[in-house]
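[1] After the sequence you'll find the predicted model.
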Amino acid sequence: MAFSPPPPPSSSDKNAIRATIAMADIASSLCALFLITLILVASNRESSDANGTGTGDRHDRPYSLRGNQLLLRPCDEIYVVGEGETLHTISDKCGDPFIVERNPHIHDPDDVFPGLVIKITPTKKARKLLTS
């Protein structure tokens, strides 16, 4: 018994194959985009400190990401002291030289501990420096 080769694909079969390949290309591109997005989100979360912000530069000022632009911003109004921080480092980071005066619950400026909640009010001059 002799076997005959299969008939050549018709033009409608070729179009169906091309459409399937195009859909597979689109699906793989979307998967790659999704994975890149996940990697970026995960790396942003890993670089976050206890206050939920990453560090923007070598002076450890917090940043926020908007589009392709890295914008320095002052600290949130309510600030939770992290491990190894002092009022001096927080003052430099957040641009508030009057932390002790604005927080009457701080009796001794040297007695600052992780988890202490303080109010931060950056000065206008510090805000300009941070955003320029």
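    Received the coordinates, thanks. Numbering: from 1, shown residues only.
[2] Which residue ranges of this structure form strands?
    63-66, 69-72, 78-80, 117-119 (DSSP state E).
[3] who does the third one pair up with?
    The one in question is strand 78-80. With DSSP bridges as the test, strand 78-80 is paired with strand 117-119 (antiparallel).
[4] tell me which residues in the strand it pairs with are buried?
    Ile118 (16 or more other CB atoms under 10 Å). To be clear about C-beta, it is placed using only N, CA and C from the backbone, and glycine gets the same treatment.
[5] on that earlier part again, the strands of the chain: lowest mean pLDDT?
    Among these, strand 69-72 has the lowest mean pLDDT, at a mean of 42.
[6] Surely Ile120 is in contact with Asp96?
    Yes - using CB atoms under 8 Å, Ile120 makes contact with Asp96 at a distance of 5.0 Å.
[7] neighbour count winner among the two?
    Asp96 (23 against 20; other CB atoms under 10 Å).
[8] pretty sure that one is touching Pro122, no?
    Yes - if you go by CB under 8 Å, Asp96 and Pro122 touch, sitting 5.3 Å apart.
[9] Identify the contacts common to the two.
    Here Asp96 and Pro122 have Cys75 as joint contacts, going by CB atoms under 8 Å, 6 or more residues apart in numbering.
[10] What residues sit buried inside stretch 93-108?
    93-96, 99, 103, 106.
[11] rewinding a little: are there residues contacting both of Ile120 and Asp96? Which ones?
    With CB under 8 Å, 6+ apart as the test, Ile120 and Asp96 both reach 75, 90.
[12] Would you mind giving the buried residues of stretch 93-108 as TSV with pLDDT and distance to Tyr79 added?
    Formatted as TSV, the buried residues of stretch 93-108 follow (pLDDT from 0 to 100; distance: CB to CB, whole Å):
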residue	pLDDT	distance to Tyr79
Lys93	88	9
Cys94	88	7
Gly95	86	12
Asp96	88	9
Ile99	90	9
Asn103	92	10
Ile106	90	12
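[13] Looking at the residues you listed, which one is closest to Cys75?
    Comparing the buried residues of stretch 93-108 against Cys75 with CB to CB places Cys94 closest, at 3.7 Å.
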